[in-house]
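# Sequence and predicted structure, then a few things I'm wondering about:
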Amino acid sequence: MAAIWNDNTPIYRQLKEQVVAMILDRRLQAGDALPSVRQIAAEFQLNPITVSRAYQELVDEKVVEVKRGIGMFVIEGAREKLLASERQRFLIEEWPATLLRLELLGLDLSELVQQQNKQNNQETS
């Protein structure tokens with residue numbers, strides 16, 4: 001996990017987003033244990049309550065489960081659930097601003113896609 005914190009967002013949310021990113025990019029998979037609250041708190045010099053709050057949100061969202069006395073584990077289907085919710089969040093929160101930015105810059109989405117495809121083809125050649 002990265003240790004760079006943004007002042008504009010609560011640390012517990014940033015920590016949660018880092019765990020989400022680790023699940024999405026498969027660094028954490030179903031059945032994997034999350035680092036302990038104490039371990040994360042010590043490593044990043046955070047209050048254990050901050051770490052617990054991030055983890056509790058993941059439990060509430062049914063992405064991780066608590067196994068009493070053992071730890072917290074990524075549940076089966078967590079990645080798919082997160083992909084669906086992150087896609088929805090992107091479409092609602094980020095995509096409109098992205099489209100507006102494209103319009104302001106006079107960029108055409110289809111041209112950008114074509115340009116990216118050309119670049120990808122050159123990199124694989």
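Now that the structure is in, tell me what you want to look at.

# tell me the average confidence for the longest helix seen in the chain?
Assignment by DSSP state H gives helix 109-124 as the longest helix of the chain. Averaged across helix 109-124, the pLDDT comes to 88.

# And for stretch 80-93?
96.

# quick one: it to chain centroid distance?
Remark: stretch 80-93 is offset 10 Å from the chain centroid, using C-alpha atoms, centre = their mean, to the nearest Å.

# CA-only coordinates of that stretch in PDB, if you can.
Extracted in PDB, the C-alpha atoms of stretch 80-93 (Å, rounded to 0.1, in the frame of the first residue of the first chain):
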ATOM      1  CA  GLU A  80     -16.900  -8.500  -9.400                       C
ATOM      2  CA  LYS A  81     -19.000  -6.600  -6.900                       C
ATOM      3  CA  LEU A  82     -16.400  -3.800  -6.700                       C
ATOM      4  CA  LEU A  83     -16.000  -3.600 -10.500                       C
ATOM      5  CA  ALA A  84     -19.800  -3.100 -10.800                       C
ATOM      6  CA  SER A  85     -19.900  -0.400  -8.200                       C
ATOM      7  CA  GLU A  86     -16.700   1.400  -9.400                       C
ATOM      8  CA  ARG A  87     -18.000   1.400 -13.000                       C
ATOM      9  CA  GLN A  88     -21.300   2.900 -11.800                       C
ATOM     10  CA  ARG A  89     -19.500   5.500  -9.700                       C
ATOM     11  CA  PHE A  90     -17.300   6.400 -12.600                       C
ATOM     12  CA  LEU A  91     -20.300   6.900 -14.900                       C
ATOM     13  CA  ILE A  92     -22.100   9.000 -12.400                       C
ATOM     14  CA  GLU A  93     -19.300  11.000 -10.800                       C
END
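
# Can you tell me the SS state at the spatially most central residue of the chain?
The residue lying closest to the centre of the chain (C-alpha atoms, centre = their mean) is A21, at 3.0 Å. Assigned with DSSP: H, G, I helix; E, B strand; the rest coil, A21 falls in the helix class.
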